[in-house]
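>>> Sequence and predicted structure, then a few things I'm wondering about:
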Amino acid sequence: MKTKIAVLALALTLTFIKLGRAQSSAPEIARGAAENLHVVNSFRFEVAASMERVAPLFAPEAERSWAGEHWKPVFLYPQPGRDVQGAVWTIKHGPFNSVWVNTLFDVLGGRMQYVAIIGDHLVMTVDVRVTAMASSHTAVEVTYTRTALDPSANEDVRTLGESDRTSGPEWQRGIESALGLAKK
């Protein structure tokens, strides 16, 4: 079953790449033929640290340092777990288990992308862009794309999408805390 899910995640990733669809910061809501909800939301924040310090924190293993106690990836590949393109891991999301695939991991270029399938409930991509603004100042833009796999998941997709739009301050606080920059 895990192999089938990983193959599905890879197929979805290739579809997203082939579409080459531009991501915008404005929320987008669309319904497919089966009435499955599809939303795209972005947020942006800045951190007073170099890109070299900030970018590596957007990886599954490194994210443990700032994402909170709910972020507990269990690596299926590689073993032992580490932050590399192609990594596959699982995470528990409430009553659901999710399978994540690191589809793009370019720390030096400031691009990371992840595809996650949460049971037979929804699929999402998380696209992270990290840009040096100055030698000690970095901008981060995160875009979530979520699609319900069944119309019964539409309300969860809508609620999660609304939460995605407002996640910037929480992510910024976590990153600044992990870097020792948190304001007291």
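Looks like it arrived, so ask away.

>>> This structure: helices as residue ranges?
Remark: helices assigned in the chain by DSSP state H are 2-19, 51-54, 154-165, 168-178.

>>> can you tell me the distance between the two ends of stretch 76-88?
6 Å (C-alpha to C-alpha, to the nearest Å).

>>> Show me the contact partners of it.
Contacts of stretch 76-88 with the rest of the structure, by C-beta atoms under 8 Å, 6 or more residues apart in numbering, involve 2, 6, 9, 56, 59-62, 73-75, 89-90, 99-106. Backbone N, C-alpha and C define where each C-beta goes, glycine included.

>>> distance between that stretch and the chain's centre?
Stretch 76-88 sits 16 Å away from the centroid of its parent chain (C-alpha atoms, centre = their mean, to the nearest Å).

>>> cool, stretch 91-107 as well?
Distance, stretch centre to chain centre, for stretch 91-107: 8 Å (C-alpha atoms, centre = their mean).

>>> CA-only coordinates of it in PDB, if you can.
Taking C-alpha atoms only, stretch 91-107 is exported to PDB below (Å, rounded to 0.1, in the frame of the first residue of the first chain):
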ATOM      1  CA  ILE A  91       3.100  12.000   9.400                       C
ATOM      2  CA  LYS A  92       0.000  11.600  11.500                       C
ATOM      3  CA  HIS A  93      -2.600  14.400  10.900                       C
ATOM      4  CA  GLY A  94      -5.400  13.900  13.400                       C
ATOM      5  CA  PRO A  95      -7.200  10.800  12.400                       C
ATOM      6  CA  PHE A  96      -5.300  10.600   9.000                       C
ATOM      7  CA  ASN A  97      -1.900   9.400   8.000                       C
ATOM      8  CA  SER A  98      -0.200  11.300   5.300                       C
ATOM      9  CA  VAL A  99       2.600  10.300   2.900                       C
ATOM     10  CA  TRP A 100       5.000  13.100   1.900                       C
ATOM     11  CA  VAL A 101       7.500  13.200  -1.000                       C
ATOM     12  CA  ASN A 102      10.200  15.800  -1.300                       C
ATOM     13  CA  THR A 103       9.900  16.600  -5.100                       C
ATOM     14  CA  LEU A 104      12.300  19.500  -5.300                       C
ATOM     15  CA  PHE A 105      15.100  20.300  -2.900                       C
ATOM     16  CA  ASP A 106      17.500  23.100  -4.000                       C
ATOM     17  CA  VAL A 107      18.700  24.800  -0.800                       C
END
